[in-house]
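[1] Output the structure for:
(one chain, ligands or ions: 1)
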Amino acid sequence: MSLHSPENVFRCCLKALLPILKEFVCSHLKRHYGSRYEERLPRPIADLDTSAFLGVAIEHWGAVFRDHVTGDVKTHLFSIKDVRNRMSHDKVVTDEEYQIAIGTIRIFAKKIGGDKATTTIDSCLPQLPGPAIDPRGLTYGDVVNKEVYCPACIPNMVFKSWPMGWDAHAASASACRGLTETGPEARKKEFHSRFAKLFP
Ligand SMILES: [Zn+2]
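    Predicted coordinates:
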């Protein structure tokens, strides 16, 4: 498994989330239960990992958090914990599910810790080698005529002026390794439909 496999990035994000989540959970518990809030924790604070703090937040949600935090935070708590549990019990978690969970951790961290928290999480994400734009999640208007990574095989190919040259690149199985179809026409079709938002 490569260093930057989605699973490894997810594990790194979980670790990076710990101090942010700990501060969030403890400050709310303290507000609600007072200075002896630590008695409410399942184990001494130093022994709790990210998953344990997610569990504490879920367990005390109704009493402590619900009236002070927006409901989407709870949804994030559950979805991060679900992927983490499946991973640690050797259940199948797809790369796409890891990618979504990584995105959820970023949003969650920003909600509870602000922009500084997002920067901490981003330190886990693979650094792209150049200044070109990562187009994943963007639309045509964001990237037209700009220097853009191929969304399928990032970071292996950069288009100097999007979308110029996309079809020749997508058609060639040796050039773009991020597609699954085999014939040139089928590959172009796959590229165009998977990244339809990047076309006018
Ligand atoms: Zn490509």
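[2] can you map out the helices along the protein?
    Using DSSP state H, the helices of the chain run over 6-33, 50-59, 71-88, 95-122, 140-143, 166-171, 184-194.
[3] comparing those helices, which gets the lowest mean pLDDT score?
    Ranked by mean pLDDT, the helices of the chain end with helix 95-122 at the bottom, a mean of 89.
[4] Show me the one of the helices of the chain that comes nearest Ala152.
    helix 184-194 (6.2 Å; Cβ to Cβ). The C-beta positions use only the backbone N, C-alpha and C, and glycine is treated the same way.
[5] do that closest one and the ion meet at all?
    No - using Cβ under 5 Å from the ion, helix 184-194 never reaches the ion; the gap is at least 7.8 Å.
[6] tell me which strands and helices that helix is in contact with?
    helix 166-171 (3 or more Cβ pairs under 8 Å, 6 or more residues apart in numbering; DSSP states H and E).
[7] and the helix it packs on, which residues are buried?
    Trp166, His169, Ala170, Ala171 (16 or more other Cβ atoms under 10 Å).
[8] pretty sure Tyr195 is in contact with Ala152, am I right?
    No, residue 195 isn't Tyr; it's Phe. Yes - between Phe195 and Ala152 there is a contact under Cβ atoms under 8 Å: 7.3 Å.
[9] Can you pull the residues of the protein lying near the ion?
    Counting by Cβ under 5 Å from the ion, the chain sits next to the ion at Cys150, Ala152, Cys153, Met157, Cys176, Gly178.
[10] Would you map out the domains in the chain?
    Following automatic domain parsing, one finds the domains of the chain at 6-122, 140-198.
[11] nearest to Ala132, of those?
    Once the domains of the chain are compared by Cβ to Cβ, domain 140-198 is nearest, at 4.4 Å.
[12] separation between the residue nearest the centre of the chain and Pro44?
    Centroid-nearest residue in the chain: Ile102, 1.9 Å away (criterion: Cα atoms, centre = their mean). Distance, Ile102 to Pro44, by Cβ to Cβ, to the nearest Å: 29 Å.
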